[in-house]
Structure formats: structure tokens, C-alpha cells
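1. Okay, predicted coordinates and the sequence, questions at the end:
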2 protein chains.
Amino acid sequence: MASEYLGYIRTEKYDKEPSRRKELIVNCEKPFNAETRPDLLPRSFYVPNDLFFVRNHAPVPLLKSEEEFRLRVEGIVAYPLLLSLEDLKTKFRKHTVAAVLQCAGNRRTEMSRIKPVDGVPWLHGTAGNAIWSGVLLRDVLIAAGVYTNKALHVEFEGADLPPEEENRRGYLASIPLNKALDRDEEVILAYEMNGEKLPRDHGYPLRVVVPGYVGARSVKWLTRIICKMESSDGYFMTKDYKYLPSNMDFNNVDWSSTPPIMNLSVQCAICDPLPDTKLSPGPYKIRGYALTGKGEHIVRVEVSINNSKDWQLATLIKGEKVANKEIPKRVTSGMKDWSWVLWELVVYMKPPTVLTARAIDSACNTQPEQPLWNLRGVMNNSWHKICVYPLNSAL
Amino acid sequence: MASEYLGYIRTEKYDKEPSRRKELIVNCEKPFNAETRPDLLPRSFYVPNDLFFVRNHAPVPLLKSEEEFRLRVEGIVAYPLLLSLEDLKTKFRKHTVAAVLQCAGNRRTEMSRIKPVDGVPWLHGTAGNAIWSGVLLRDVLIAAGVYTNKALHVEFEGADLPPEEENRRGYLASIPLNKALDRDEEVILAYEMNGEKLPRDHGYPLRVVVPGYVGARSVKWLTRIICKMESSDGYFMTKDYKYLPSNMDFNNVDWSSTPPIMNLSVQCAICDPLPDTKLSPGPYKIRGYALTGKGEHIVRVEVSINNSKDWQLATLIKGEKVANKEIPKRVTSGMKDWSWVLWELVVYMKPPTVLTARAIDSACNTQPEQPLWNLRGVMNNSWHKICVYPLNSAL
């Protein structure tokens, strides 16, 4: 059953999906969920649009035409708005931010080795850095006359229809109004990704990008913004994307015990070589990414090639060195940093061995050695350990 | 040799030290360094002034009289100021904040069990929560006309004379101007601690309190504020209080490799029972504290009584329940939280066993299971593990 809504054709069928690159690792076809092959990630500071990981919760909604698209801004505001794409592009200042997005479930597969968890079995390929352009959410909320003495949260609604959301509402998430109104937090309504129109899988024509937060709050196919007293009661705020205590499983789960996940925590992954690669002894360049939240930056990445016994400092690669594109001045001059860093280290490797990588950020946050098991398998930021084997290994 | 300076008698001798409570655990007499006996900490939400841990780097400077005290505000400002205590109290609005201070070296002794480290051998008693009152640093900097287009850091100078600082300058530290100017960060120049004049050991008559940062940046006996382009090059910013990589020791240390520590990371400690306590089997209330930085709050504390195998949720105790004093409204209504939490859990204990506690904060930061060894033994926020023994144990 399809319906029309603010310029979209919303559907619960998978007959209008976009075409996708074969290089993506597909974990689920319906809804489409695919990660970037991890060894492709460190090849460029900004992940190409058609290689960026895709996390969908429903069929991709189809826009009838750009002219018919409308964004509603409402709730606790003095002047509810109905904005066209043209309005957004001409009535508000364009803002560009380089920001990494990471799924809360990135590296879930490693956690499930401790005990099974519920969710898409991601490797470490659901993280990606991109340049996002659009308008500051702050500017739109001020234009709508948000009542800052009453509203505390900003809810976003997508045009997609996840079966979990009740009353046929679209995908829902909210962020604190404080975050939305802070210019330095750079929350934007994005219509461009790496200088091009948003791809359909990434929210065409308009999505939220919330720097420093897990991807689940950067709502795609944005149709409504609602200023509220309370945080969103949508399914993905109240019954998913929560970092539950380790003693809770489906028999005793208490969703209200735990707030919804917002901030990214410090993360680090070895991308090249891939896990379980067979290699002959010799010099090798290990490469990966590291990221964190709260606008902090990665201070260092430490790598071990002998199963976490001795550690070496990896070289951190800043955006300027590997980006093909010109980086807008604002992106590099800000005090807060929303990008990932890439890193590399040349070592002499003698398989079989275990490679480990760990990072520390500028707020002195570190990673746990082992995953902290939780029912939904989210926020695994343990030291990243992979095995490499000799060329002639039977494994 | 003593000298006079802005109302202080500065000395390098220890003949004018204040009297101190015998309950403090003294780790060093000259300079005086003492921590609170950990089991006393959870007895009140705000630590009494005379039980609060003391971290001095030199003799306590002696104020000649409150009338003679002066604070200089200078550097990249339009109107350098020379302020008396009376000026601060009458010309600026009073601001009160509840904030925990923690020494960067808290729990160093545990880390030194992995490999020796350099520094005062603290247990887990160099953390304390208090109500601080004074004026917002922001208001003083604006009154001095700080040039926000040029200055990037605010340096503080104390009246104490640590032998490490060159050119007989006082203790030095700096914080980013962004932090200082942000009203929500609540950086204050404090003249009261828990409603009383600052004790001499805690900076009488005026100290900085930087909520969310390690104690080393909350400069005591404040005499000068200097707005600068660069962060402070003082000893305790450049050659101490750094979280060095684990592969650096005195033979290969590169201080420039690592930025000075600023933010507190998520921390948790078992205060009662004390480590290695002998107990008969029975019901027991375990108590402790947990804290974090960046204005985040503690989401939960998990406790294990069987050596990290099974975990139970502790009850978090908010300030209102245990504080004797009225908490100013601003303290409880703010979005950011700078206080610690106390926690407790009733269990049936059968010694010998290992108790473990760990916390998670609202930004999804967690603690490592083992200390991450570093040369100065700072920022140990590993899971807190203590042993308890049977009453008749020979240990």
C-alpha cells in the first residue's frame, strides 16, 4: 500500500529501491542494510557516496519531484513553517561540515562472539566520513520562532515507514534543543553529500546530520521537525539503540532503565588487512580509522602486532593529505572536530599473529579491551583485534 | 626566602602551614599531599572542607590581610584590571556550582602494580564533591574586555612557588578561552567552599574551579589571570599531567607528543568496604562514588561480588537525599552536571572474594578493565577491584 505525503510516495514494498554498488557487503536485503568493505575505507578521507554504508529501516521512499517536496516545522514554535527545497536553499545560509557517521551497531559481530545479540551482524564497515552541506538546523528553528523557554527537544520524522513505528508514522528520533541551537555543534539539514545531491539511500532530498551522535539520530528523508517538551517516544528512541546493562536479556529487559544513545564514544578499527587475511612474512602497511564524539579529536592510535603485548604509535593522517576535494575553510578552522582520522603504520609482520589497535581522544576517553556485552549489541568500541595467518595456513 | 606579592607572603619554607585533620591519609608532608580516607567519602554528598583531599605543590602561601589581596587580569584584554576581594564580591554576580574535583593521579597506586610510575602514591581518595561559590570567570573576562578574536587561552597563576616552575613564577595552568566564556561550563573564581570561606589548603582567599576538568587546572591562591594566544608553558602543563603513550618511559619520553590533560574521564570507586577488609559472611551495603567529565552524568554503576563474573545495578544517590545543605536552584536545574554521584548496593557477601565496580556515562563512555599504564600514572579509570577476606584470614 502506497500513499503520498509531502511530495513522497511512501511504500511498504521494495519495488522502487535504488541501484547499489556490488562492492558493498549486504547484511540484509529488505530493508537494505550494507556496509563498506572495511579495506576500502582508508583509501580516501571522505568515503565516496556510492560506497558509504547504508542503514535503512524500511523501503526507500520515492520523491515525486523536487518541486513537490515540503518540510514541515512545527510544535512549540511561534510560526510553523512549510518549506520547499528552494526555500531552504535561498532563504538560509549554506553551511558545510565534515562529519563521520557511525551506526550504533558497528562491530556488533565481534560482540556476538561473547554471547548472541539481537541486530544486523555488522563488521567494522558501518562508519564513514563525508562532507555534508545544507542549512543549520539552528537557523530554521529560529526562523520558526522556537519557544526556548518551553521546548527541550527537537523531533525529526522521516518519510520511510518502518514496521516498528506505530500509527504509520515515519522513522522518528529526537535530539536535545540545546544541541540543535548551539552553532558550534553544527547540526544541519543536509541536501548535499560530498558536493553532490544526496543519494536516495542517504535521504534524498533532505536529511539531518547530527555531528558527534550515532547515525540513528541523523534522520533521512526528513519531512517534519517538531519542537517538543519531551524526547521522542518513537520505537528507535525507546526500544532500540539503547546501551542496556549487561545483566539484561529478553527475559528481564527494562527499556526505561537506560536513556537513548546519543554520543559516539571513542572508536578505532583496523581496515587493512581484513580479519583472517593470509600473508607472507614481510613489511606491511596497516591502515584504519579512529573517531570519537563530543567534538573531541583523536590524540593517538596505538597498534600492537604481538597480541596486545607491545604497542607502537601509528601515524595519524589529516584530511588535507588524502582528500581529493577542497575542504571548506570552516571545516578545518573550527575548535570542534567531527571527522574521523585515518591512520597507518608500517611494520614487519610474521603471521600467524594478532593485530590490535586502540585509540585515546582529547577528553582522555579510552576503549575497553573486551566488548561490554549488551542485548542489542550496540556501542562496541573495544580494542580492535584481528588475526592474520601464514599464506599456507589451512584456515 | 619569603617575598610579598599582591597581598601574599610567599615562602619556600614550610613554617606557616595550616593545621590539618588527623583523619586524612598523608602521602607527602612537604609539600602537603593528603587524601580522604575512602570510606569517609560516601558519608555525605558534599565532602566536609576539612576532610577534602589536599594536593599542594609548594608551601601554602600566607595572606597578609584580605584588604591587601589583589587579583590582576591582563594579557590580550582592552582594560587590564586590578581587583580586590571586595570588588569581586560587590561588582560581579555571585554564582554557585556543585562540582567534583579529582586529582589526575587518583588511583595511581593501582596502576603502579603493573609497573612503577612516577608520582604521589594515591589510593582512590583524591576525589571530592563540594559546593563552590564565587563569580563567573566569564563575567570577569568580559569586564576586562578580552579580545575574543585574538586570545585563545586563559592562564592562571597561583601565589604558591613550586620548585618546578621557572623564574619564581607561581603554579601555572591554562584552559581554552572557549571553555572560560561559555556560561554553561560554569568556570568560576571561588571564594567559598560549602558555604564557608575557602580553607587555606584549598586556595584561600580565591581559587579557580573548572568543572569537568582535572583538579590541576583549578588553580589555588589565584593572583593573576592572563589572556593569551598559546596555552600555558608552565611545568604542570608541559611536563606533568600528561597521559603519555604506554611505550614511553624516562628513557624515551617525548612530552610534546601528548596534549595536557583537561577533561575528567568516567570514573568509579568502591569506598566502603576498604580494600583488604576482613569480614564475616553476611549482608553488607557496598558504597562508593562515580563521576565523569564534559557535563555528562553517570547513567549506571554495575557491581560484581564474584570477580567480575556477574553484575548487579547499584542504586544511584542524588544530592538531595544526603546533603545537609540547601542546594542552590541553579545547581539542580542545569542541563550539565558537574557533581559526582554516590551509589550503594546491599549484597550477601562470602569472603574471600573480589568486588568490582564500573560505571557508564550519558555519552556512552566506559572504563577499561585494566589500568592503561603511563609514566606519570595519571587518569587511571579502570574497573575498581578490591579484595575482601574472611575474619580469621592470616592476610
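-> Nice, thanks for sending it over. Numbers count the residues shown, from 1 in each chain, chains lettered A, B, ... in the order given.
2. okay, now residue A:63: neighbour count?
-> Other residues near residue A:63 come to 20 when the count uses other CB atoms under 10 Å in any protein chain shown. Every C-beta, even on glycine, is put in place using the N, C-alpha and C of the backbone.
3. if I read this right, it contacts residue A:204, doesn't it?
-> Yes. Taking CB atoms under 8 Å as the contact criterion, residue A:63 and residue A:204 are neighbours in contact, 6.5 Å apart.
4. Need the overlap of contacts for these two.
-> Shared contacts of residue A:63 and residue A:204 (CB atoms under 8 Å, 6 or more residues apart in numbering or on different chains): none.
5. pLDDT at the residue of the stretch 1-150 of chain A found nearest chain B, what is it?
-> Sorted by distance to chain B under CB to the nearest CB, the residues of the stretch 1-150 of chain A start with residue A:104, at 8.8 Å. On pLDDT, residue A:104 comes in at 98.
6. Same check on residue A:331?
-> Predicted confidence (pLDDT) at residue A:331: the value is 42.
7. So which residues on the stretch 201-350 of chain A come close to chain B?
-> Taking CB under 8 Å from any CB of the partner chain as the criterion, the neighbours of chain B within the stretch 201-350 of chain A are A:243, A:245-247, A:257-259, A:261-266, A:293-294, A:299-300, A:302, A:310-313, A:335.
8. change it to 7 Å
-> Taking CB under 7 Å from any CB of the partner chain as the criterion, the stretch 201-350 of chain A approaches chain B at residues A:243, A:245-247, A:258-259, A:261, A:263, A:265, A:293-294, A:299-300, A:302, A:311-313, A:335.
9. Of these, which belong to strands?
-> In strands, defined here by DSSP state E, the members of these are A:299, A:300, A:302, A:312, A:313.
10. With respect to residue A:352, which of these is nearest?
-> Using CB to CB, residue A:312 comes nearest to residue A:352 of those, at 19.2 Å.
11. Which pLDDT value goes with the closest residue to that closest one other than its chain neighbours?
-> Nearest in space to residue A:312, with sequence neighbours left out and distances taken as CB to CB, 6 or more residues apart in numbering or on different chains, is residue A:303 at 5.5 Å. Residue A:303 is assigned 98 on the pLDDT scale.
12. Ok, the one 10 residues further on next?
-> Residue A:313 is assigned a predicted lDDT (pLDDT) of 97.
13. What count of nearby residues applies to residue A:3?
-> Counted with other CB under 10 Å, residues neighbouring residue A:3 total 11.
14. What is the neighbour count of the closest residue to it other than its chain neighbours?
-> Of all residues beyond its chain neighbours, the one nearest residue A:3 is residue A:10 (5.3 Å), with distances taken as CB to CB, 6+ apart. For residue A:10, the tally of surrounding residues (other CB under 10 Å) stands at 22.
15. Run through who's touching stretch A:336-346.
-> Applying CB atoms under 7 Å, 6 or more residues apart in numbering or on different chains, the set of residues contacting stretch A:336-346 from outside is A:42, A:45, A:97-100, A:127, A:129, A:184, A:186, A:211-212, A:283, A:285-291, A:295, A:297-298, A:301, A:303, A:312, A:314-317, A:319, A:322.
16. mind listing what the residue of the stretch 1-150 of chain A closest to chain B touches?
-> Listed by CB under 7 Å, 6+ apart, the contact set of residue A:104 reads A:214, A:216, A:241, A:261, A:378, A:379.
17. How about residue A:165?
-> Applying CB under 7 Å, 6+ apart to residue A:165 gives the contacts A:171, A:172, A:234, A:235.
18. Model confidence for the last one, exactly?
-> In the prediction, the pLDDT value recorded for residue A:235 is 97.
19. what do you get for the second one?
-> Confidence at residue A:172, expressed as pLDDT, is 98.
20. Not counting sequence-adjacent ones, nearest residue to it?
-> Spatial nearest neighbour of residue A:172, excluding adjacent residues (CB to CB, 6+ apart): residue A:234 at 2.8 Å.
21. looking at this, residue A:167 is in a helix?
-> Yes. Looking at residue A:167 with DSSP: H, G, I helix; E, B strand; the rest coil, it is inside a helix.
22. Quick check: the residue of the stretch 51-200 of chain A nearest chain B.
-> Closest point on the stretch 51-200 of chain A to chain B, by CB to the nearest CB, is residue A:178, at 5.8 Å.
23. Quick one, which of the contacts of stretch A:336-346 are buried?
-> For these, a burial check counting by 16 or more other CB atoms under 10 Å in any protein chain shown picks out A:42, A:45, A:97-100, A:127, A:129, A:186, A:211-212, A:286-291, A:295, A:297-298, A:301, A:303, A:314, A:316-317, A:319.
24. Check what pLDDT residue A:320 gets.
-> Residue A:320 is assigned a pLDDT of 55 by the prediction.
25. go on, residue A:2?
-> Residue A:2 is assigned a pLDDT of 73 by the prediction.
26. Could you check how far the closest residue in space to it that isn't next to it in sequence is from residue A:61?
-> On the basis of CB to CB, 6+ apart, the spatially nearest residue to residue A:2 that is not a chain neighbour turns out to be residue A:11, at 4.3 Å. Summarising the geometry, the distance separating residue A:11 from residue A:61, computed by CB to CB, to the nearest Å, is 7 Å.
27. now swap in residue A:147 and tell me
-> In this structure, residue A:147 and residue A:61 are separated by 31 Å, where distance is defined by CB to CB.
28. do residue A:241 as well
-> Distance check for residue A:241 against residue A:61: by CB to CB, it reads 21 Å.
29. Same check on residue A:270?
-> 36 Å.
30. Repeat that for residue A:29.
-> As for residue A:29, its distance to residue A:61 is 17 Å (criterion: CB to CB).
31. More neighbours: which of these two?
-> Between residue A:29 and residue A:61, counted using other CB under 10 Å, residue A:61 has the larger neighbour count: 25 against 10.
32. so that one touches residue A:10, yeah?
-> Yes. Contact criterion CB atoms under 7 Å: residue A:61 and residue A:10 qualify, at 5.2 Å.
33. joint contacts of those two?
-> Common neighbours of residue A:61 and residue A:10, using CB under 7 Å, 6+ apart, are residue A:159.
34. So which residues make contact with stretch A:73-91?
-> The set of residues external to stretch A:73-91 that reach it, using CB under 7 Å, 6+ apart, is A:66, A:69-72, A:135, A:140, A:143-147, A:150-151, A:189, A:191, A:205-206, A:225-228.
35. Mind pulling up the pLDDT for residue A:395?
-> Turning to residue A:395, the model gives it a pLDDT of 63.
36. And residue A:122, by the same measure?
-> At residue A:122, the model reports a pLDDT of 97.
37. What of residue A:387?
-> Residue A:387 is assigned 97 on the pLDDT scale.
38. And it, which helix or strand is it part of?
-> In this structure, residue A:387 sits in strand A:384-390 according to DSSP states H and E.
39. contact partners of that strand?
-> Surrounding strand A:384-390, the residues in contact under the criterion CB under 7 Å, 6+ apart are A:124, A:268-270, A:273, A:275-279, A:349, A:351-357, A:395.
40. List the strands paired with it, with their directions.
-> Strand A:384-390 sits in its sheet next to strand A:277-279 (parallel), strand A:353-361 (antiparallel), going by DSSP bridges.
41. for the helix or strand just after the first one, packing partners?
-> It stands for strand A:277-279. From strand A:277-279 onward toward the C-terminus, using DSSP H and E, the following helix or strand is strand A:282-291. With contacts taken as 3 or more CB pairs under 7 Å, 6 or more residues apart in numbering or on different chains; DSSP states H and E, strand A:282-291 sits against strand A:267-272, strand A:298-304, strand A:341-349, strand A:353-361.
42. Give me whichever of those strands is most buried.
-> With neighbours defined by mean count of other CB atoms under 10 Å in any protein chain shown, none of these is more surrounded on average than strand A:267-272, at a mean of 25.
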